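Asks: my questions are about this predicted structure, shown below with the sequence.
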Amino acid sequence: MQRPCGRGLLLSLAVVAAALLAARQMGWWGPRAVFRLFIPEELARYRGGPGDPGLYLALLGRVYDVSSGRRHYEPGAHYCGFAGRDASRAFVTGDYTEAGLVDDVIDLSFSEMLILQNWLLFYEKNYVFVGRVIGRFYGEDGQPTPELTQVEAMMIKGLEANKWEQKEKQKFPPCNAEWSTTKGSRFWCSEKSGGVSRDWIGVPRKLYKPGAKEPHCVCVRTTGPPSDQPPDNPTHTNRGDLDDPNLGEYTGCPPLAITCSFPL
C-alpha cells in the first residue's frame with residue numbers, strides 16, 4: 001500500500017453513536033436550500049493547482065470546499081489524492097493508489113460505514129459544503145440514489161451493532177492479559193479491566209462468539225442474578241453470569257480464581 005497523502009484524521013469510534021444521532025437531528029443528510037451540482041469531470045478541475053478554480057473534495061457524493069486546509073490537500077500535500085474527486089472508499093481502506101481512490105463503498109462492513117460517517121461529521125464541522133456530485137450517490141436532480149439510501153441504512157445497522165457491542169462489553173469486560181517468553185501467558189480481572197470501570201472484579205472465562213474462530217478472555221460476574229434477570233428475581237442462583245452458555249472455563253485454572261496463569 002502506498003503512503004497516504006497525509007496522516008489519518010480518523011475520529012474515535014467511541015463517540016460515533018452520539019455523533020450520528022446529532023448529525024441526523026441537525027439535518028445534515030437533508031436537502032440544503034442552495035447547492036451546486038457537479039459532474040465528476042468538472043469536480044476534477046478543483047485540485048487547488050495553478051489556474052484551478054478552487055480546492056474541493058467529495059465524500060459520499062457531498063462536495064466540500066477544503067481551501068482553508070490547503071496545506072493538507074493542495075498538489076504535493078499529504079492528502080492531495082483526495083482533491084477533485086470522491087474517494088470515499090480510501091477513507092476506510094487506506095488504499096491511496098489510483099485504483100483505491102474511488103467512491104465504491106457498498107461492500108464495506110457496518111463498522112467501516114461508521115468510519116465513513118465519522119469522516120462526514122468531520123468535514124461538516126470543519127469545511128464548507130458546496131454541492132453534490134452527480135453519479136453514484138446523487139442523481140441529475142440532486143436527490144439521493146438508491147445506493148446512498150442503502151449506505152445510510154448500513155450506517156444505522158452499524159450504529160445498532162456498536163450499541164450491542166458496548167452493552168456486551170459491559171456484561172463481559174475483556175480480561176487484562178500479558179505474555180512473556182519466560183513466564184508464558186497470564187489473564188486476570190480487576191475493577192477496570194478492558195477499560196470498563198465497575199464495582200465487581202469477576203473471574204476469567206473464555207467467551208465463544210458466533211462466527212469467531214477463537215474465544216477471547218472476558219471477566220465474568222460471579223454473584224447476584226444473571227444480567228438477563230431482574231435483581232429481585234427470587235429464583236436466581238446467585239452465580240452472576242457464570243452459567244452463560246457461551247462461556248468456558250480455562251483448563252487448570254481454579255473456577256473462582258481472578259488470575260489464570262499458563263506457564264510455558
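Replies: Received the coordinates, thanks.
Asks: buried residues in the helix or strand hosting residue 41, which are they?
Replies: If you go by DSSP states H and E, residue 41 is part of helix 40-43. Residues 42, 43 are the ones in helix 40-43 that count as buried (16 or more other CB atoms under 10 Å). Where you see a C-beta, it was placed from the backbone N, CA and C, and this is true even at glycine.
Asks: tell me what the helix or strand following that helix is packed against?
Replies: Later in the chain than helix 40-43, the nearest helix or strand by DSSP H and E is strand 56-59. Helices and strands touching strand 56-59, by 3 or more CB pairs under 8 Å, 6 or more residues apart in numbering; DSSP states H and E, are strand 62-65, helix 110-126.
Asks: quick one on the thing from earlier: identify all contacting residues around the helix holding residue 41.
Replies: 56, 58, 63, 84, 85, 86, 133, 134, 135 (CB atoms under 8 Å, 6 or more residues apart in numbering).
Asks: go with 10 Å
Replies: Under the contact criterion CB atoms under 10 Å, 6 or more residues apart in numbering, helix 40-43 has outside partners 36, 53, 56-58, 63, 83-86, 103, 131, 133-136.
Asks: so residue 96 versus residue 185, what's the distance?
Replies: As for residue 96, its distance to residue 185 is 38 Å (criterion: CB to CB, to the nearest Å).
Asks: who has more neighbours, these two?
Replies: residue 96 (20 against 15; other CB atoms under 10 Å).
Asks: my guess is the more buried one contacts residue 102, does it?
Replies: No. Using CB atoms under 10 Å, residue 96 is not in contact with residue 102, being 11.2 Å away.
Asks: quick check: which ranges of this protein have low pLDDT?
Replies: Applying pLDDT under 70 to the chain flags residues 1-33, 231-236.
Asks: ok, residue 238 touching residue 229?
Replies: No. Between residue 238 and residue 229 no contact is recorded; they are 11.1 Å apart, counting by CB under 10 Å.
Asks: highest average neighbour count across the helices and strands packed on strand 56-59?
Replies: Among the helices and strands packed on strand 56-59, strand 62-65 has the highest mean neighbour count (mean count of other CB atoms under 10 Å), at a mean of 22.
Asks: what helices or strands is that one leaning on?
Replies: Where contact means 3 or more CB pairs under 10 Å, 6 or more residues apart in numbering; DSSP states H and E, strand 62-65 is packed against strand 36-38, strand 56-59, helix 110-126, strand 128-133.
Asks: re earlier: distance to residue 181 added to the helices and strands packed on strand 56-59, as TSV?
Replies: Output for those, formatted as TSV (distance: least, CB to CB, whole Å):
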stretch	distance to residue 181
strand 62-65	50
helix 110-126	34
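Asks: thinking again about what came up before, the helices and strands packed on strand 62-65 into a markdown table, with extra columns for distance to residue 174?
Replies: Output for these, formatted as a markdown table (distance: least, CB to CB, whole Å):
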| stretch | distance to residue 174 |
| --- | --- |
| strand 36-38 | 46 |
| strand 56-59 | 33 |
| helix 110-126 | 17 |
| strand 128-133 | 39 |
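Asks: and the strands in the stretch 101-250 of the chain?
Replies: 128-133, 176-180, 184-188, 203-207, 216-220, 247-248 (DSSP state E, counting those that start in this stretch).
Asks: what's the angle between the fourth one and strand 184-188?
Replies: What that stands for is strand 203-207. 110 degrees (axes from the mean of the first three to the mean of the last three CA atoms, to 10 degrees).
Asks: which residues touch strand 203-207?
Replies: For strand 203-207, using CB under 10 Å, 6+ apart, the contacting residues are 168, 171-172, 174-177, 186-189, 193, 214-222, 240-242, 244, 246-251, 253-260.
Asks: out of the residues you listed, which end up buried?
Replies: 171-172, 174-176, 186-189, 193, 217-222, 240-242, 244, 247, 250, 253, 258, 260.
Asks: between residue 96 and residue 102, which contacts overlap?
Replies: Shared contacts of residue 96 and residue 102, counting by CB under 10 Å, 6+ apart, come down to 87, 90.
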